[in-house]
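Q: Need the 3D shape of this:
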Amino acid sequence: MEREKLGSRLGFILLSAGCAIGIGNVWKFPYMAGQYGGGAFVLFYVFFLLVLGLPIMTMEFSVGRASQKSPVQSFLVLEKPGQKWHLHGYACLAGNYLLMMFYTTVAGWMLHYFYLTATGGFEGAGPEDMDVIFNQMLSQPFTMVKWMVVVIVVGFLICSIGLQNGLERITKIMMLALLAIMVILAGNSLLMKNGMEGLVFFLKPDFQRMADIGIWETIVGAMNQSFFTLSLGIGSMAIFGSYLDKQRSLMGEAVHVAVLDTFVAVVAGLIIFPACFSFGVDAGSGPRLIFITLPNIFNHIPMGRFWGSLFFIFLAFAAFSTVLAVFENIISSWMDLTGASRFKVCMINIVAMILLSLPCVLGFNLLSEIQPLGPGSTIMDLEDFLVSNLFLPLGSLVYLLFCVSRYGWGWDNFSREANTGTGLKMPRWLRPYLTYLLPILVLVIFTLGIKNTFFG
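A: Below is the predicted model:
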């Protein structure tokens with residue numbers, strides 16, 4: 001059976017960017033920028049995106065395109081006889097499932113909040129009421145399961161239509177709409193009273209604020225955010241490389257994806273900070289900002305229901321673009337492993353994914369006594385920890401070593417594949433950095449993640 005191909009280069013870039021763009025871009029990047037010195041943090045973030053994220057993304061694209069297989073079989077095609085690199089393919093598949101076991105719940109929250117905003121569910125509610133509404137949602141298993149099931153069923157049905165007609169077509173529409181909605185929302189925020197003060201707070205480098213928090217903490221924060229924003233290590237990017245032709249070099253394509261990802265993160269800050277400053281709200285309140293603070297702001301501005309609905313549909317698109325991309329990874333892996341049709345794999349995975357996602361949903365209510373990472377933690381916290389602190393950094397290390405080591409695919413094979421086609425090339429002088437220094441940086445990220453989770 002001949003491998004499906006994407007219909008256009010734009011489809012490839014938007015799909016890859018859609019996978020990278022998620023909830024973390026929207027609340028975590030602006031929140032961290034505000035906390036760590038505004039533009040100073042943004043500068044460090046862009047630096048680490050270039051030295052950490054871009055090379056590993058290029059490697060994932062290269063492994064995918066050279067093998068023409070899903071992540072579960074790509075190493076098998078490229079490794080030398082008798083080697084065991086292909087075992088990481090199963091870790092990639094497990095990582096994708098684990099990510100979706102909690103991400104489908106979060107995507108469901110966005111849909112629920114869009115529904116509440118659009119139907120006037122927040123009208124007349126004050127700040128305390130917003131807190132109650134959010135906790136009420138978490139305490140209702142039926143509400144949470146309902147939206148989670150909607151996300152899974154719609155996601156797999158879109159993917160079941162086919163690569164070009166389903167996934168590529170819908171993602172193109174969704175991503176272009178997302179970008180347009182963001183620009184409109186940012187314009188509206190900047191025009192609010194005191195909006196420009198929020199802009200200055202967000203983008204003007206404040207080295208004093210950075211020094212107060214700690215320069216090392218700022219550097220680590222920027223390094224972590226630049227690494228995790230691209231979802232590298234579990235084959236999320238490799239899958240789209242496998243659908244790509246040889247016309248363009250892969251580092252150039254990785255740059256386009258990283259630029260789009262950063263654009264969304266920065267514009268999210270342009271939406272959030274001016275609105276917060278306009279209403280004297282603390283912009284550093286983390287995830288609560290989205291579900292408690294911002295709905296309250298929308299309640300107090302002209303056409304608030306319209307702007308609020310637009311904001312939550314944008315969030316739903318951001319979450320859903322990731323869901324569709326990871327579902328495609330899962331589907332393609334099972335098609336490679338079993339030879340089953342796309343439709344059959346999708347139908348089986350609808351059931352499997354719903355069952356796998358239930359612990360996360362129920363962890364906030366019926367199973368809330370299970371606190372795996374200590375008092376106050378949830379099943380979602382455990383799943384997030386496993387993906388973010390184990391699968392992503394260690395998986396990235398495997399891709400990295402596979403591409404630079406003579407015991408793997410090797411530098412010559414990797415650079416030949418990465419540099420095939422027109423566009424930005426992977427320069428040879430980067431080889432010592434990628435071989436010796438980058439693996440150490442990835443191990444530092446892994447070690448810090450474990451330390452911060454268990455030792456504070």
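Q: Could you point out the longest helix of this structure?
A: Ranked by residue count under DSSP state H, the longest helix found in the chain is helix 304-338.
Q: Give the next helix or strand downstream of that one.
A: helix 342-362 (DSSP states H and E).
Q: quick check, distance from that next one to the centre of its chain.
A: 20 Å (CA atoms, centre = their mean, to the nearest Å).
Q: outside of that helix, which residues touch it?
A: 97, 100-102, 104-105, 141, 144-145, 148-149, 152-153, 156-157, 159-160, 162, 327, 330-331, 334-335, 338, 367, 378-380, 383 (CB atoms under 8 Å, 6 or more residues apart in numbering). Any C-beta I mention is one placed from the backbone N, CA and C, and that applies to glycine too.
Q: Buried among the residues you listed? Make that a PyMOL selection.
A: Here is the PyMOL command that picks out the buried ones among these, judged by 16 or more other CB atoms under 10 Å:
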select buried, resi 97+100+101+102+104+105+144+145+148+149+152+156+159+160+327+330+331+334+335+367+378+379+380+383
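Q: Give me the subset of the contacts of helix 342-362 lying in helices.
A: 97, 100-102, 104-105, 141, 144-145, 148-149, 152-153, 156-157, 159-160, 327, 330-331, 334-335, 338, 379-380, 383.
Q: count of residues packed around the spatially closest residue to Leu441 that is not a sequence neighbour?
A: Leaving out its chain neighbours, the residue that sits closest to Leu441 by CB to CB, 6 or more residues apart in numbering is Leu52, at 6.2 Å. By other CB atoms under 10 Å, the residues close to Leu52 number 22.
Q: Isn't Leu52 up against Pro439?
A: No - if you go by CB atoms under 8 Å, Leu52 and Pro439 don't touch, sitting 11.3 Å apart.
Q: between these two, what contacts are shared?
A: By CB under 8 Å, 6+ apart, no residue touches both Leu52 and Pro439.
Q: Low-confidence regions, the stretch 201-350 of the chain specifically.
A: 283-288 (pLDDT under 70).
Q: what do you get if the cut-off is 80, keeping everything else the same?
A: Regions of the stretch 201-350 of the chain meeting the criterion pLDDT under 80 cover residues 280-290, 292-293, 296, 300.
Q: list the contacts for the residue nearest to Leu441?
A: Leu52 neighbours (CB under 8 Å, 6+ apart): Met223, Ser226, Phe227, Leu438, Leu441, Val442.
Q: what do you get for Arg428?
A: Contacts of Arg428 by CB under 8 Å, 6+ apart are Ser415.
Q: Helix, strand or coil: sort out the residue nearest to Asp381 when sequence neighbours are not counted for me.
A: Nearest in space to Asp381, with sequence neighbours left out and distances taken as CB to CB, 6+ apart, is Leu373 at 5.2 Å. Here Leu373 is coil, with the state taken from DSSP: H, G, I helix; E, B strand; the rest coil.
Q: For Leu373, grab the count of nearby residues.
A: 14.
Q: Could you pull up phi and psi at it?
A: Main-chain dihedrals, Leu373, degrees, to the nearest 10: phi -110, psi 30.
Q: Then Pro205?
A: phi -60, psi 120.
Q: Tyr36 is in contact with that one, correct?
A: No - with contact defined as CB under 8 Å, Pro205 does not reach Tyr36; the gap is 10.6 Å.
Q: more crowded one of those two?
A: Tyr36 (27 against 14).
Q: residue contacts, the more buried one?
A: With contacts defined as CB under 8 Å, 6+ apart, Tyr36 is in contact with Arg209, Met210, Ile213, Glu217, Thr218, Gly221, Ala222.
Q: re the thing from before, return the angle between stretch directions for the longest helix of the chain and helix 342-362.
A: With axes from the mean of the first three to the mean of the last three CA atoms, to 10 degrees as the basis, helix 304-338 and helix 342-362 are set at 120 degrees to each other.
Q: mind listing what's buried in helix 304-338?
A: 304-305, 307-336.
Q: Let's see the pLDDT reported for the residue nearest to Leu441.
A: Looking at Leu52, its pLDDT stands at 93.
Q: re earlier: format the contacts of Tyr36 as TSV; extra columns: distance to Val404, neighbour count and secondary structure.
A: Output for these, formatted as TSV (distance: CB to CB, whole Å; neighbours: other CB atoms under 10 Å; DSSP: H, G, I helix; E, B strand; the rest coil):
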residue	distance to Val404	neighbour count	secondary structure
Arg209	38	17	helix
Met210	33	21	helix
Ile213	34	14	helix
Glu217	30	12	helix
Thr218	29	22	helix
Gly221	27	22	helix
Ala222	24	25	helix
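Q: which pair in those residues spans the largest distance?
A: Arg209 and Ala222 (13.9 Å; CB to CB).
Q: I figured Lys172 hits Gly11, correct?
A: Yes - under the criterion of CB under 8 Å, Lys172 makes contact with Gly11 at 5.9 Å.
Q: Looking at these two, which is more packed in?
A: The residue with more neighbours, out of Lys172 and Gly11, is Gly11; 22 against 18, by other CB under 10 Å.
Q: what's the residue lying closest to that one once chain neighbours are set aside in contact with, if anything?
A: Of all residues not flanking Gly11 in the chain, Glu168 sits nearest, at 4.2 Å (CB to CB, 6+ apart). Counting by CB under 8 Å, 6+ apart, Glu168 makes contact with Leu6, Gly7, Ser8, Gly11, Leu15.
Q: Just the pLDDT for Glu168.
A: With respect to pLDDT, Glu168 has a value of 92.
Q: ok, back up a step: what angle sits between the longest helix of the chain and helix 141-160?
A: 60 degrees.
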